[in-house]
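K.L.:
Just to be clear, the model below is a prediction. Sequence and coordinates:
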Amino acid sequence: MIEHVVLENLINNDEYSRKVLPFLQEEYFHSRTDKIIFKSIKKFFLEYNALPPKESVLIDIDKNKNISEDECNNITELVESFTSTNTNLEWLLNETENFCKEKAVYNAIMESIHIIDGKSDTKTENAIPNILSDALSVSFDTHIGHDYIEDSEERFEFYHKVEKRVPFDLDFFNIITGGGTPQKTLNIIMAGTGVGKSLFMCHHAANCLSQNMNVLYITCEMAEERIAERIDVNLMDITMDDLKDLPKNIYDKKLHTSTAGMSGKLIIKEYPTATANANHFRILLEELKLKKKFKPDVVFIDYLNICASSRLKSGGNVNTYQYVKSIAEELRGLAVEYNLPIWSATQTNRQGFSNTDVELENVSESFGLPATADFMFALIATEELDKQNQVLVKQLKNRYNSATANKKFILGINRAKMKLYDVKRNEQSGLMESNQDDKTVLGSGFDGENFNNKFKTQKEKFTSWSV
């Protein structure tokens, strides 16, 4: 029995014991005698930081007044039979991990049945998904930190590792992020109402889809069809009005033409405002993986302030600073857990709405949001910029590159087609105080050539990784 192999090596194998004891739990041993032996071994190890001799286990058992004479005899016979072995450590660790996983799932299923039968006083059926999820996530993580001296070679390799990124089709954004947004990051757009937060996310979602990425767009504000409509006009390069006037056969033809050759998928999911939290998104990701074999490369959440927190309840003793910061931390945790970049947005406060030079203090509701985000920028609109179909971008926080270089720059904006585009270099005039790089070469509008030349490596790597 694997239980007896585990117990035998917990007494005789120091390296094995130190690796597995943090993960073993009493409930994994179904036999009462095995549980008693395990408790005695763990108790000794925690107290003396050493393997327990057989004598200590037997003495501890003998002191236990809740053990019958027959149980005591059986335990004594079993412990006496344990001998030192030369079992392969790697095999032993793998088998022990499988043992823990199987027992955790079995216990979770039995507990779920117990709850369904109404025999639990503390848990309801709503707890079952989390119970099963925790059981399925059981694994051994034996990494206990980075040794500065011993792990120097590993650290050097990390310095020269090419990081997987999600590139833009906008030159300045690729420049300020070093080629795109890395995985495990939370990226935030800040702007006033109607300036272009959702437009930017829809444009970038369409760009990611065009690069054969899988895109998940979660909306807590607009209907799924409205988001899809914006993606349609962006990819088809037509206006909203033209889209509504298209006959069905022409629409199908344009959709086929604009998506021809794309291997990525776009899934749009709508949640009611202020009801969905990171746990809902986590369940959605698992369902998409299970039901559609869909694993996103990038996630858009429109938008952060109208999500809910899975840890805190809105109202009561929770203020907006704590609540929004909690949401941001949960979404960033989700990005780390699923190894992908998450994009979201936030509003400016009342002062920032009319401000032509937005700062971090103009974020609405919680300064805890910019403290948590990896990358944050503001979209600023003025009457003059609107007349020229342009929008000003200002970096607010940047963990990927220097936030002082190219701090401000202009983008062209076509609101009817839900598109953003690069503008000519001379249209960036008046922004030299933002430390723009004079060597930056921008075209008269994005045509793909400049992007492909400068970021071809990123795109090729992403395609090969995706495949």
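P.N.:
Done, it's in. Numbering: from 1, shown residues only.

K.L.:
What lies in contact with stretch 393-401?
P.N.:
By Cβ atoms under 8 Å, 6 or more residues apart in numbering, the surrounding residues in contact with stretch 393-401 are 172, 176-178, 181-182, 185, 190, 357-360, 370, 373-380, 403, 406-411, 434. Where you see a C-beta, it was placed from the backbone N, CA and C, and this is true even at glycine.

K.L.:
could you flag which of those are buried?
P.N.:
172, 176-177, 181-182, 185, 190, 358, 370, 373-380, 403, 406-411, 434 (16 or more other Cβ atoms under 10 Å).

K.L.:
For the nearest residue to Glu111 once chain neighbours are set aside, give me its contacts.
P.N.:
Spatial nearest neighbour of Glu111, chain neighbours left out: Ile131 (5.9 Å); criterion: Cβ to Cβ, 6 or more residues apart in numbering. By Cβ under 8 Å, 6+ apart, the contact set of Ile131 is Ala108, Glu111, Ser112, Lys123.

K.L.:
Check which residues of the strand or helix carrying Lys43 are buried.
P.N.:
If you go by DSSP states H and E, Lys43 is part of helix 32-48. The neighbour-count check on helix 32-48 (16+ other Cβ under 10 Å) flags Thr33, Asp34, Ile36, Ile37, Phe38, Lys39, Ser40, Ile41, Lys42, Phe44, Phe45 as buried.

K.L.:
Please work out the angle formed by the directions of the helix or strand that that helix is followed by and helix 32-48.
P.N.:
Once the chain leaves helix 32-48, the next helix or strand it forms, by DSSP H and E, is helix 54-63. Relative orientation of helix 54-63 versus helix 32-48 (axes from the mean of the first three to the mean of the last three Cα atoms, to 10 degrees): 120 degrees.

K.L.:
start the count at 60, not 1, going forward
P.N.:
Happy to do that; since the first residue is 60 now, the last one works out to helix 113-122.

K.L.:
For helix 113-122, name the packing helices and strands.
P.N.:
helix 91-107, helix 128-140 (3 or more Cβ pairs under 8 Å, 6 or more residues apart in numbering; DSSP states H and E).

K.L.:
between those helices, which gets nearest to Asp356?
P.N.:
Nearest to Asp356 among the helices and strands packed on helix 113-122 is helix 91-107 (43.0 Å), distances taken as Cβ to Cβ.

K.L.:
thinking again about what came up before, I would like a ChimeraX command selecting only the buried ones among the contacts of Ile190, please.
P.N.:
Buried members of the contacts of Ile190, defined by 16+ other Cβ under 10 Å, are picked up in ChimeraX with:
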select :167,170,171
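
K.L.:
Looking at the helices and strands packed on helix 113-122, spot the one closest to Glu209.
P.N.:
Proximity to Glu209, assessed across the helices and strands packed on helix 113-122 by Cβ to Cβ, is greatest for helix 91-107 (25.2 Å).

K.L.:
would TSV of the helices and strands packed on helix 113-122 with mean pLDDT and distance to Cys279 be doable?
P.N.:
Formatted as TSV, the helices and strands packed on helix 113-122 follow (pLDDT from 0 to 100; distance: least, Cβ to Cβ, whole Å):
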stretch	mean pLDDT	distance to Cys279
helix 91-107	90	46
helix 128-140	87	57
